[in-house]
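In: sequence plus the predicted model coming up.
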Amino acid sequence: MLKVLKVLRVLKVLKVRRACAVAMLMGVTACGVAPVRMPGTARTKVTTIRVQVREGAALIVRDVPLEDYVMTTALSEVHPDVSDEAVAGRMFEVQSVIARTYAISNRGRHGKDGFDLCSTTHCQLYEPARVATSRWSEAARGAARKTAGELLWFDDAPARVVFHADCGGHTSDAAAVWGGAPLPYLCGATDEGPARGAHAEWTFESRATAVHAALNADERTSVGATLDRIEVSGRDAAGRAELITLRGTRTFVVRGEVVRDALTHAFGARTVRSTLFSVKKTRDGFVFTGRGYGHGVGLCQAGARARLKAGASPEDVLAHYFPGTDLRR
């Protein structure tokens with residue numbers, strides 16, 4: 001009986017991502033074979049989220065009604081960039097489901113600090129001031145109301161959903177980007193169809209001395225007195241720089257997201273926008289050329305927006321980016 005249940009679970013993913021599921025059956029994929037099981041409290045009705053917010057110079061913990069949190073977070077994380085208000089409304093519906101699912105599945109992430117979630121990109125952006133200033137406030141409020149109580153589930157627990165601005169044309173497996181246990185619904189795939197042309201390119205150039213200082217400022221990427229080269233030594237199936245070799249006084253291999261984190265901490269989030277890049281050393285510095293914006297796992301907002309413009313429903317979009325999950329209250 002247990003074997004039958006395992007086969008049925010795999011077939012659930014097979015319906016949506018056949019290639020990934022076949023590899024799962026062979027035991028050779030990074031897409032994973034086992035769901036993350038949430039604590040027993042996952043089914044308990046959650047009505048508030050304890051959020052740490054900045055008010056002036058102080059960090060304050062607020063008890064925020066769940067649906068207010070969902071509305072404000074969706075408004076903070078989505079910039080519709082469309083003239084069609086109906087498309088914007090559907091984009092906010094997608095983000096509302098993700099915001100709610102993320103809040104439930106990550107509730108207590110900062111438990112040791114006395115709250116559930118922070119208000120930065122470490123968790124989800126939560127910027128209450130936007131409610132009064134954004135032209136999209138009513139659209140976000142309506143989307144939260146329309147999707148009230150809806151979560152993405154995998155087996156018997158809320159899914160570990162994540163999202164980013166632009167996958168650059170191909171999403172990545174969560175395990176390839178961050179390591180750790182793989183998840184079958186966070187499996188990389190080409191963003192084809194209406195989303196094919198929705199992805200942006202970028203270039204960032206900096207003097208070698210500045211890049212060297214940025215890497216040395218992070219103990220994970222510190223190369224010592226000299227920096228000779230930055231080499232992509234391993235790419236994932238999406239083409240992202242999964243592994244990077246830093247050559248200097250110290251030479252070692254580190255995950256691409258770690259290098260990107262060190263560089264964007266020094267230069268800003270809109271510099272090295274993703275790990276879907278190539279890097280070239282010039283006489284005076286380094287040039288990074290890439291596509292996309294963000295870690296590339298889960299929902300691609302640029303691709304989702306293009307699919308919605310082409311007529312896809314929020315349910316279609318969620319099913320595409322989180323294969324094998326169920327949307328239900």
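Out: Thanks, I have the structure now. Numbers count the residues shown, from 1 in each chain.
In: mind listing the helices for the stretch 201-329 of the chain?
Out: 208-216, 256-267, 301-309, 314-321 (DSSP state H, counting those that start in this stretch).
In: okay, buried residues for the first one please.
Out: Across helix 208-216, burial judged by 16 or more other C-beta atoms under 10 Å covers 208, 211-212, 214-216. Where you see a C-beta, it was placed from the backbone N, CA and C, and this is true even at glycine.
In: and which of the residues you listed is nearest E201?
Out: V211 (20.5 Å; C-beta to C-beta).
In: one step back: tell me which of the buried residues of helix 208-216 is nearest to G234?
Out: Relative to G234, the closest of the buried residues of helix 208-216 is L215; by C-beta to C-beta it sits at 18.4 Å.
In: which one is that closest one nearest to, not counting chain neighbours?
Out: In space, L215 comes closest to T221 once its chain neighbours are excluded; the distance is 4.3 Å by C-beta to C-beta, 6 or more residues apart in numbering.
In: all helices for the stretch 51-200 of the chain, in order.
Out: Using DSSP H, counting those that start in this stretch, helices in the stretch 51-200 of the chain cover 66-77, 85-105, 130-133, 137-146, 174-178.
In: let me have those in a markdown table, extended by mean neighbour count, distance to T271 and mean pLDDT.
Out: Output for the helices of the stretch 51-200 of the chain, formatted as a markdown table (neighbours: other C-beta atoms under 10 Å; distance: least, C-beta to C-beta, whole Å; pLDDT from 0 to 100):
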| stretch | mean neighbour count | distance to T271 | mean pLDDT |
| --- | --- | --- | --- |
| helix 66-77 | 24 | 20 | 97 |
| helix 85-105 | 24 | 25 | 96 |
| helix 130-133 | 12 | 25 | 95 |
| helix 137-146 | 20 | 29 | 96 |
| helix 174-178 | 22 | 19 | 92 |
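In: would you list these in JSON lines and tack on distance to A302?
Out: Listed next are these as JSON lines, based on distance: least, C-beta to C-beta, whole Å:
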{"stretch": "helix 66-77", "distance to A302": "13"}
{"stretch": "helix 85-105", "distance to A302": "11"}
{"stretch": "helix 130-133", "distance to A302": "21"}
{"stretch": "helix 137-146", "distance to A302": "19"}
{"stretch": "helix 174-178", "distance to A302": "17"}
